[in-house]
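S.K.: just coords:
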């Protein structure tokens, strides 16, 4: 039942996707400036960086996209872990620590042994440096959309808009979750 609820929550994220399609203009067939622009704000640039530092926009957009992807994975992880869906077995056999012994929320990171945290950070470093390099600003790592290559520019723009907006919502959601955990 818990797995069905988690799958339902993960699948319902598309309900928050914008229905408008962006215009296509660049070599990617999608204008990065038009991606993520939603009503009523339009292009949200309160600090005026697009005019003062236009060369840094592409990097900031790539960082936003990557942080959004991480936040979306974090939200799914929080939903699953807070519903006590855990792996069977031991997280650390030498410390007699089972996966089910790890508390939910932010307190869980303190129970992971140092060697386990080091493995996690090394794995993330490997992903960052080898598979998903920060220098690849377009965010296209050659895996397609569930293995399918998107060739229609309007469909690609719509899916990129959905990803950016869902990533923004997930960043706010996971931040709100962490704050609420610490306050309650």
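M.R.: Thanks, I have it. The structure displayed is predicted, hence computed values, not measured ones. Numbering: from 1, shown residues only.

S.K.: Next, give phi and psi for the residue nearest the centre of the chain.
M.R.: A centroid search over the chain (Cα atoms, centre = their mean) returns residue 69, at 1.8 Å, as the residue closest to the centre. With angles defined as degrees, to the nearest 10, residue 69 sits at phi -60, psi -40.

S.K.: Is it correct that it is in contact with residue 166?
M.R.: No - the pair residue 69 / residue 166 is not scored as a contact, 9.5 Å apart, by Cβ atoms under 8 Å. Using the backbone N, CA and C atoms, a C-beta is placed for each residue, glycine as well.

S.K.: for the lengthiest helix in the chain, which positions count as buried?
M.R.: Ranked by residue count under DSSP state H, the longest helix found in the chain is helix 153-183. Buried residues in helix 153-183, counted by 16 or more other Cβ atoms under 10 Å: 153, 156-158, 160-171, 173-174, 177.

S.K.: re earlier: how about the residue nearest to the centre of the chain, nearest residue that isn't a chain neighbour?
M.R.: residue 167 (6.2 Å; Cβ to Cβ, 6 or more residues apart in numbering).

S.K.: From residue 57, how far out is the one you found?
M.R.: Distance of residue 167 to residue 57, computed by Cβ to Cβ, to the nearest Å: 17 Å.

S.K.: what residues are up against the residue nearest to residue 69?
M.R.: Applying Cβ atoms under 8 Å, 6 or more residues apart in numbering to residue 167 gives the contacts 64, 65, 67, 68, 69, 71, 72.

S.K.: how about 10 Å then?
M.R.: 36, 64, 65, 66, 67, 68, 69, 70, 71, 72 (Cβ atoms under 10 Å, 6 or more residues apart in numbering).

S.K.: do residue 67 as well
M.R.: Residue 67 touches 167, 168, 170, 171, counting by Cβ under 10 Å, 6+ apart.

S.K.: And the pLDDT for it?
M.R.: Residue-level confidence at residue 67 comes out at 91, pLDDT.

S.K.: Run the angle between whichever strand or helix holds it and helix 153-183 for me.
M.R.: Residue 67 is located in helix 57-82, with elements delineated by DSSP states H and E. Orientation of helix 57-82 against helix 153-183 (axes from the mean of the first three to the mean of the last three Cα atoms, to 10 degrees) gives an angle of 60 degrees.

S.K.: on that earlier part again, whichever of the contacts of residue 167 end up buried, select them in ChimeraX.
M.R.: Per 16+ other Cβ under 10 Å, the buried members of those correspond to this ChimeraX selection:
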select :36,64,65,66,68,69,71,72
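
S.K.: Nearest to residue 106, out of the contacts of residue 167: which one, please.
M.R.: residue 71 (15.0 Å; Cβ to Cβ).
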